[in-house]
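Undergrad: whatever this is, show me its structure:
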Amino acid sequence: MYRQYEDPRELEKELAELRGKYQELSYILDYHNTAELQEQLYYLHDKIAELEERVNFAWQDEEFG
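TA: Residues are numbered from 1 along each chain as shown. All right, here's what the predicted structure looks like:
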């Protein structure tokens with residue numbers, strides 16, 4: 001399967017933003033535990049995991065490209 005080249009630095013910035021949102025939402029969830037907030041937290045967790053994988057591949061592509 002062909003992967004499009006991605007800039008790892010841009011992906012790192014996006015990852016940092018998502019992690020910040022995740023931490024913020026986790027803090028809010030401590031005080032306002034609702035199903036909607038939990039769902040958003042799970043969604044962000046999945047997006048972070050996916051983005052971490054993309055960052056890893058992007059750095060590999062840059063290193064070996």
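
Undergrad: what residues are up against the residue nearest to the spatial centre of the chain?
TA: Taking CA atoms, centre = their mean, the centroid of the chain lies closest to Ile48, which sits 2.3 Å from it. By CB atoms under 8 Å, 6 or more residues apart in numbering, the contact list for Ile48 reads 15, 18-19, 22. C-beta: built from backbone N, CA, C; applies to glycine.

Undergrad: let's see 6 Å
TA: Neighbouring residues of Ile48 by CB atoms under 6 Å, 6 or more residues apart in numbering: Leu18.

Undergrad: which parts of the chain are strands?
TA: Here the chain has no strands by DSSP state E.

Undergrad: output stretch 34-44 as PDB - backbone C-alpha positions only.
TA: Extracted in PDB, the C-alpha atoms of stretch 34-44 (Å, rounded to 0.1, in the frame of the first residue of the first chain):
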ATOM      1  CA  THR A  34     -20.800  12.800  31.300                       C
ATOM      2  CA  ALA A  35     -21.100  10.100  28.600                       C
ATOM      3  CA  GLU A  36     -20.600  12.800  25.900                       C
ATOM      4  CA  LEU A  37     -17.300  13.900  27.400                       C
ATOM      5  CA  GLN A  38     -16.200  10.200  27.900                       C
ATOM      6  CA  GLU A  39     -17.000   9.600  24.200                       C
ATOM      7  CA  GLN A  40     -14.900  12.600  23.200                       C
ATOM      8  CA  LEU A  41     -12.000  11.400  25.300                       C
ATOM      9  CA  TYR A  42     -12.100   8.000  23.700                       C
ATOM     10  CA  TYR A  43     -12.200   9.600  20.300                       C
ATOM     11  CA  LEU A  44      -9.200  11.800  21.100                       C
END
